[in-house]
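Student: quick one, structure for this:
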Amino acid sequence: MRLDKEYRTTFGMKKNQYILTNVQMNQVSRVQADENQRKRKRSWSKAYNFATEGMTERVCKSFFPSTLNMNHCPVDNAFSKKSESGDYWGGLTTITRCME
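Tutor: Presented below is the predicted three-dimensional model:
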């Protein structure tokens, strides 16, 4: 079974919607407080998933884009154009440039 089949057969905005469907943005659940460290600036984390045979499998950050044969920029771009309802908006916002 190829995990990238659905992604490869979609085009344009549907690819971004596929990313938003399979990557969830979660609030950071724990922050370790240490007297010598400043508070972390990051308050959100991303969970990457693939649906396989009716089950959702969580995968790591590097596995997700490499399986879809892309770098991490499309994930960042999809989230930068996400509407409040969680769908891909695709408006005229600036595209994030990645150097990878």
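Student: correct me, but residue 63 touches residue 48?
Tutor: Yes: Residue 63 sits in contact with residue 48 when judged by C-beta atoms under 8 Å, with a separation of 7.2 Å. Yep, even glycine has a C-beta here, placed from its N, CA and C like the rest.
Student: the two - which one has more neighbours?
Tutor: Taking neighbours as other C-beta atoms under 10 Å, residue 63 and residue 48 compare with residue 48 leading, 19 against 13.
Student: part of a helix, is the more buried one?
Tutor: No: Residue 48 is assigned strand when assessed by DSSP: H, G, I helix; E, B strand; the rest coil, not a helix.
Student: correct me, but it touches residue 23?
Tutor: Yes: Residue 48 is within contact range of residue 23, at 5.4 Å (criterion: C-beta under 8 Å).
Student: overlap in contacts, those two.
Tutor: residue 64 (C-beta atoms under 8 Å, 6 or more residues apart in numbering).
Student: how about the helices in this protein?
Tutor: Under the criterion DSSP state H, the chain carries helices at the ranges 5-8, 13-22, 63-67, 73-80.
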